[in-house]
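Asker: Next input, structure requested:
(one chain, ligands or ions: 2)
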Amino acid sequence: MATEKWVYMVTAQTPTNIAVIKYWGKRDEVRILPVNDSISVTLDPDHLCTVTTVSVSPSFDRDRMWLNGKEISLSGSRYQTCLREIRSRGGDVEDKEKGIKIEKKNWEKLNLHIASHNNFPTAAGLASSAAGFACLVFSLAKLMNVDEDSSQLSAIARQGSGSACRSLFGGFVKWTMGSKDDGSDSVAVQLADEKYWDDLVIIIAVVSSREKETSSTSGMRETVETSLLLQHRAKEIVPKRIVQMEEAIKNRDFASFTRLSCTDSNQFHAVCLDTSPPIFYMNDTSHRIISLVEKWNRSEGTPQVAYTFDAGPNAVLIARNRKVAVQLLQGLLYYFPPKSDTDMKSYVVGDNSILKEAGLDGANSVENLQPPPEIKDNIGTQDQKGEVSYFICTRPGRGPVVLPDQTQALLDPETGLPK
Ligand SMILES: Nc1ncnc2c1ncn2[C@@H]1O[C@H](COP(=O)(O)OP(=O)(O)OP(=O)(O)O)[C@@H](O)[C@H]1O
Ligand SMILES: C[C@@](O)(CCOP(=O)(O)OP(=O)(O)O)CC(=O)O
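Answerer: Numbers count the residues shown, from 1 in each chain. Ligands and ions are numbered 1, 2, ... in the order given. You can find the predicted model right below:
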C-alpha cells in the first residue's frame, strides 16, 4: 500500500456554542469530566464556524495539522486522545470511483493531514476550541466511516475541550455530566433543534481587552482547588437550574430563559471571584453592558434581552426577537460607537442586514442615534468609543455538516498539503 499515491479527504463545518448554564470545574482533568451539567445554544455557522479538511494517504509519513494556515504540533495529549479514540473506531472505507479501499485495521497505520480554519479570531474568548475539536472529531468520523451517533462522538470531542461536546448538535444542547468513571455517559444531547425557537437573535459584543485572560482550563482548575462556592453551585444550584432551563426552552419562555441565563453567568463570574487568587474575566465595559440590559429589562417590565459572558469580557446578548434586536443594536451603538474611520459593515459583522433595519447603514447614522429613554441618565454619554472592537449579529444555528463541494477543501486533493 505504501507505493500507492491516492489522497482521500473529507471537509466539514462545525458551529461554536455559548453556554447559558455554564460548565466550570472538572472532577477528572484527564478525561475532562465536569462537576455539573451545562446547557448551550449553538450559534449559526454561517457567521461563526470552523471548517476542517481531514485527509489520509499511504504517502503521508506522519500526522500533521495546519491551523489557520500555520502548522501546529499534534503532540498535545488532547489532540492525541481524540486521534487515538477516533482511529480505534474506524470502519472499512471504499471509494470505487477512485479505486481506494481502506480496511478497518489500517487506520492505526495510516497517517493523517488535517487543515482547519476558524472564520473568527482563535483564542479570543469566542470558543474556537469548542468548534475546533468538534470539527476535528466530526470530520475524522466521516473520513473513517465511524459508526457512532453524535452523542457518542461528543464524548470524544469532550476530551479535546469540554465545551466542544456541545458543538456536535445544533439548537439547544445539554451536556450531561454522567456518573461513570470512564466518562462514557458524559455526553451531549440535543434538547431542541435550531428551528424550535427561531425568533431569537444573538448579538455578541467583542470587547477590546489588552491582557490575555487566564485560560478556561487553568482557571477552572484553580476554582475547583480553592472555591467553596463552586461546590455549593455544582451540588445545590445547577441541578435545579438545569431542570428549569430545560423547561424554559421547551416552553419558549423568554422571561425564565433570561432570568436563568443572566443569574448563571453572574454566578459563574462570582465563582471566579471566589477563587484564590481571584480571576477577573469581565471588565468595565462588560459591567456597563450588563447595566444597560438590566435597566432596559426592568423598564420594560418583562425581559427583552438575556446576557451571558464566558471566560472573557465579551458579551453575548440574546434578544427575544428581531424587533428587540434592532432596538438593542441601536442602544449599543449609541453607547459604543465605532471610531470615526470605521466602516459600519466591519463594525457589525455576521448577519449585518440588521444595520439597514436599524437605519444604521447610512453616513452619520450613528451620530443621529438618540439615547434609549429609560437609561439615558444612568450610563453616561457616548464616551465609550473603541471599548467594543466589533459586534457579531447571529442566531441559533445548525450542527456539523459535511461540505461535499471539493472547492471548499483546505487541502490539495493531489498532494494533501494546504492549498
Ligand atoms: N479549528 C481548530 N481545530 C483544532 N483545534 C483548535 C481549533 N481552533 C482552536 N483550537 C485549539 O483551541 C485552542 C484555543 O483554545 P482557548 O480555550 O485558548 O481559546 P478559545 O476557545 O478561542 O477561547 P475561550 O475558551 O476563552 O472561549 C488553540 O490553541 C487550539 O489548540
Ligand atoms: C466559560 C466556559 O466557556 C468554559 C469552557 O471551558 P473549555 O471547554 O474551554 O475548557 P476545557 O474543557 O478545559 O477545554 C463555559 C462553558 O462553555 O460552558
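Asker: rest of the way, CA atoms for contacts and neighbours
Answerer: Will do.
Asker: Which parts of the stretch 101-250 of the chain are strands?
Answerer: Across the stretch 101-250 of the chain, reading from the start of the chain, the strands by DSSP state E, counting those that start in this stretch fall at 111-118, 172-175, 188-192, 201-207.
Asker: again, but for the stretch 301-419 of the chain
Answerer: Under the criterion DSSP E, counting those that start in this stretch, the stretch 301-419 of the chain carries strands at the ranges 305-308, 315-319, 348-350, 388-394, 401-402.
Asker: how much distance is there from the first one to the middle of the chain?
Answerer: If I follow you right, that is strand 305-308. Here strand 305-308 shows a centroid-to-chain-centroid distance of 16 Å under the convention CA atoms, centre = their mean, to the nearest Å.
Asker: anything in that strand near ligand 2?
Answerer: No: applying CA under 6 Å from any ligand atom, one finds strand 305-308 out of contact with ligand 2, separated by at least 9.8 Å.
Asker: can you tell if that strand touches ligand 1?
Answerer: No: in terms of CA under 6 Å from any ligand atom, no part of strand 305-308 sits within range of ligand 1; the closest distance is 12.4 Å.
Asker: ok, back up a step: please identify the most buried of the strands of the stretch 101-250 of the chain.
Answerer: Per-residue neighbour counts averaged over each of the strands of the stretch 101-250 of the chain give the maximum for strand 172-175, namely a mean of 27 (mean count of other CA atoms under 10 Å).
Asker: What degree of burial does residue 304 show, as a neighbour count?
Answerer: When neighbours are counted by other CA atoms under 10 Å, residue 304 registers 21.
Asker: roughly how far apart are it and ligand 2?
Answerer: Distance, residue 304 to ligand 2, using CA to the nearest ligand atom, to the nearest Å: 23 Å.
Asker: do the same with residue 411
Answerer: Residue 411 sits 27 Å away from ligand 2, going by CA to the nearest ligand atom.
Asker: can you check residue 390 too?
Answerer: Counting by CA to the nearest ligand atom, the separation of residue 390 from ligand 2 is 20 Å.
Asker: circling back: same list, the strands of the stretch 101-250 of the chain, but as JSON lines with mean pLDDT and distance to ligand 1 please.
Answerer: Supplementary listing: the strands of the stretch 101-250 of the chain in JSON lines, determined by pLDDT from 0 to 100; distance: least, CA to the nearest ligand atom, whole Å:
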{"stretch": "strand 111-118", "mean pLDDT": "98", "distance to ligand 1": "5"}
{"stretch": "strand 172-175", "mean pLDDT": "98", "distance to ligand 1": "16"}
{"stretch": "strand 188-192", "mean pLDDT": "98", "distance to ligand 1": "18"}
{"stretch": "strand 201-207", "mean pLDDT": "97", "distance to ligand 1": "12"}
